[in-house]
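Trainee: show me how the following folds:
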Amino acid sequence: MTHPRPMRDFGLEVFFSEWEFKARHHMTASDLESMGVSDLLSLAAPEDREAFETLWLGYTETWGAPALRTEIARTYEQMTPENILCLAGAGEGLYAVSKVLLEKEDHAIVPTPNYQSAETIPLSICEVTGVPLLKGDTAAGWRIDLNGIREAIRPNTKLLSLNFPHNPTGMLITPADLEALVELCRAHGIWILSDEVYRGVELDPLDRMPQIADQYERGISLNVMSKAYGLPGLRIGWIAAQDATLLQKVERYKHYLSICNSGPSEVLAIIALKARVEILERNRALIKKNVVALEKLLDEFPGLIDWKRPQGGCVAFPRYTGPGDVELFCRSLLEESGVLLLPGSIYASDLNEVPKGHFRIGFGRGKVFEDGLTAMREHFRVHYAGFQI
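Mentor: Just a heads-up that it's a prediction; the model follows:
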C-alpha cells in the first residue's frame, strides 16, 4: 500500500449531505437532543447571561477563553486550564493531532469499524494498521482485540487511536483493559488519542471510563460539546493532555485552520459546562427511555434484527437478519417510509473488512425519535408481519 495516500471523501458526511435534512425521520443521528439558545440561557447565572448579551464580537484567544478552559479542566481529575486547547469541534482535533504527531516514516494503529477520519487522516500521512473489534458474548456484543493491537505494534508505531464509548457500536472497555493498553503504549512510547465525545451518557454510569489525559503522560483526550451535551451548533471542541509541547504544536497548527473559536459559542459552552450535571442527567434519561422503546419494537418482530444494548453514547450497530440484505432494508425504509438509517457500507474501511449486515441507528433525539419509531413499526408491519427466522 502506497503512503501517503490522498484522503478519500468522508463517506458518512457525503451521505448526510444528501439525506440528513431531506428524510422525514432522522433515525441515525449521532448527537443528543439539542436545545434552543433561550433554553440554555435559562440555565445561566446572571453574570454569564450578561456576558453573553454584552459580548464584544471580536477575535478570541487561540487557546480558548480562559473561563472556558477552566470549566473544561473541571471535567477531568488532574487537568488544569493549561492542559486544555479549545478547537472548532472534534473534527479539527482529529485532523490536527494526526498532522502534528505523524510523519511519513511513522505507523499508526486504529480499531475498526471507526469514525472514518480516525483512519483516513493518518493514512494520508503514514502506514496504518486496522485491528478489527471482536464480536462475542460481551455487554454490547463487541470487544477490543488487545492481542491484535499488541501484535500490530512495530518499532515505528507512533499513535494508537481509540474511541470509547464507541461510534458506531456503543461499546466500552473495562478499566483493566484501558490500563493494559496504557502500559503497552508506555512500554513502546506510543501516543494514545482517545475520542471521548460520548463520555457522560453511559446507560449505566458505573461503566464510565477514566479519561486518557488523566491516566497517561502521552494520552490525548478529545471531547466536544456536540455529542453527550447535545450542542453541535456551538462547534466547540478541545483536547486535553499532560504534554505541554504537544499542545503548543497543535495550537500552532490551529493557526492555519480555524485560528480561534466563535466568541458567542464560547460563552454558551461555559454556561452549558456549568450546568453539565443537569444536562447530562437529562440526556442520559432520554437515551435510557429511547432504548427501552426501541427494544419493545424489536421484540415485536423477532428474527428481524440481532440486537444487543449498547453501553454508552446514543448510537448502536445492530445486524439485520431479515429477508434480503441490509442495503435493501435501509433503502426501503428511506424511500417508502422516510426513515433514515446508516447502512454498514458507510463504515467501509481501507484497512480491513467491516462485518456484514450491520447498520447504525441513533436514539438520542426526542420527538424525532418517537415519530421515527412509529414510522418504523408501521413499515415493519407492512413488510415483515409474521416473519421469523
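
Trainee: tell me who's in contact with K99.
Mentor: K99 sits next to 121, 125, 253 when contact means CB atoms under 8 Å, 6 or more residues apart in numbering. (C-beta placed from N, C-alpha, C; glycine too.)

Trainee: nearest residue to K356 other than its sequence neighbours?
Mentor: In space, K356 comes closest to G344 once its chain neighbours are excluded; the distance is 6.9 Å by CB to CB, 6 or more residues apart in numbering.

Trainee: H358 is in contact with the one you found, correct?
Mentor: Yes. Between G344 and H358 there is a contact at 4.0 Å, judged by CB atoms under 8 Å.

Trainee: give me the common contacts of those two.
Mentor: 317, 326.

Trainee: and N223, how far is that from I236?
Mentor: 10 Å (CB to CB, to the nearest Å).

Trainee: one step back: and the residue nearest to K356, how far is that from L55?
Mentor: 44 Å.

Trainee: more neighbours: these two, which one.
Mentor: It is G344, of G344 and L55, that has more neighbours when counted by other CB atoms under 10 Å, with 23 against 14.

Trainee: tell me how far that one lies from T169.
Mentor: Distance from G344 to T169, by CB to CB: 11 Å.

Trainee: who touches both of these two?
Mentor: 113, 317.

Trainee: okay, how far is it across stretch 150-163, tip to tip?
Mentor: 17 Å (CA to CA, to the nearest Å).

Trainee: average pLDDT across it?
Mentor: Averaging pLDDT along stretch 150-163 gives 98.

Trainee: please identify the buried residues of it?
Mentor: Buried residues in stretch 150-163, counting neighbours by 16 or more other CB atoms under 10 Å, are found at 152-153, 157-163.

Trainee: what's the answer for stretch 139-147, then?
Mentor: Using 16+ other CB under 10 Å as the test for burial, stretch 139-147 gives 139-144.

Trainee: could you tell me how far it lies from the centre of the chain?
Mentor: 17 Å (CA atoms, centre = their mean, to the nearest Å).

Trainee: what do you get for stretch 378-385?
Mentor: For stretch 378-385, the distance to the chain centre is 32 Å (CA atoms, centre = their mean).

Trainee: that stretch: which residues count as buried?
Mentor: Buried, per 16+ other CB under 10 Å, within stretch 378-385: 379-380, 383-384.

Trainee: JSON lines please, covering those residues and showing secondary structure and distance to K308.
Mentor: Listed next are those as JSON lines, based on DSSP: H, G, I helix; E, B strand; the rest coil; distance: CB to CB, whole Å:
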{"residue": "H379", "secondary structure": "helix", "distance to K308": "22"}
{"residue": "F380", "secondary structure": "helix", "distance to K308": "19"}
{"residue": "H383", "secondary structure": "helix", "distance to K308": "23"}
{"residue": "Y384", "secondary structure": "helix", "distance to K308": "20"}
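
Trainee: what's the following helix or strand after the helix or strand of the chain with the lowest mean pLDDT?
Mentor: Taking mean pLDDT, DSSP states H and E as the measure, the chain has helix 11-19 as its least confident helix or strand, at a mean of 69. Counting by DSSP states H and E, the next helix or strand C-terminal to helix 11-19 is strand 25-26.

Trainee: and that next one, which strands flank it?
Mentor: Paired neighbours of strand 25-26 in the sheet (DSSP bridges): strand 339-340 (parallel).

Trainee: what mean pLDDT does the partner strand get?
Mentor: 94.

Trainee: residues contacting it, please?
Mentor: 19-20, 23-28, 333-334, 372, 375-376, 379.

Trainee: repeat that for 10 Å
Mentor: 15-16, 19-20, 22-29, 330, 332-334, 361-362, 371-376, 378-379 (CB atoms under 10 Å, 6 or more residues apart in numbering).

Trainee: out of these, which are buried?
Mentor: In the contacts of strand 339-340, the ones that pass as buried (16+ other CB under 10 Å) are 15-16, 23, 25-29, 330, 333-334, 361-362, 371-373, 375-376, 379.

Trainee: shared neighbours, N223 and I236?
Mentor: Joint contacts of N223 and I236 (CB under 10 Å, 6+ apart) are 72, 87, 90, 229.

Trainee: among the residues you listed, who's most crowded?
Mentor: Ranking these using other CB under 10 Å puts L87 first, with 28 neighbours.

Trainee: hang on, it packs against R69?
Mentor: No. Using CB atoms under 10 Å, L87 makes no contact with R69, being 11.7 Å away.

Trainee: what do the two both touch?
Mentor: W238.

Trainee: contacting residues for R199?
Mentor: With CB under 10 Å, 6+ apart, R199 has these contacts: 75, 164-165, 172, 208-211, 221, 223, 227-228, 280, 312-313.

Trainee: from these, which ones fall inside helices?
Mentor: Of these, the ones assigned to helices by DSSP state H are L280.

Trainee: tell me where this structure has helices.
Mentor: Under DSSP H, the chain gives helices at 11-19, 37-41, 46-53, 66-73, 89-101, 117-123, 146-152, 175-188, 212-215, 244-254, 263-274, 276-300, 326-337, 367-384.

Trainee: any chance of those in CSV, plus distance to D195?
Mentor: Shown next, in CSV, are those (distance: least, CB to CB, whole Å):
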stretch, distance to D195
helix 11-19, 14
helix 37-41, 24
helix 46-53, 28
helix 66-73, 16
helix 89-101, 7
helix 117-123, 7
helix 146-152, 16
helix 175-188, 14
helix 212-215, 10
helix 244-254, 15
helix 263-274, 18
helix 276-300, 18
helix 326-337, 25
helix 367-384, 24
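
Trainee: for the ones you listed, which one sits closest to T129?
Mentor: helix 146-152 (4.4 Å; CB to CB).

Trainee: contact partners of the closest one?
Mentor: Taking CB under 10 Å, 6+ apart as the rule, helix 146-152 contacts 107-111, 128-134, 145, 157, 160, 162, 173, 177, 180-181, 184-185, 188, 190.
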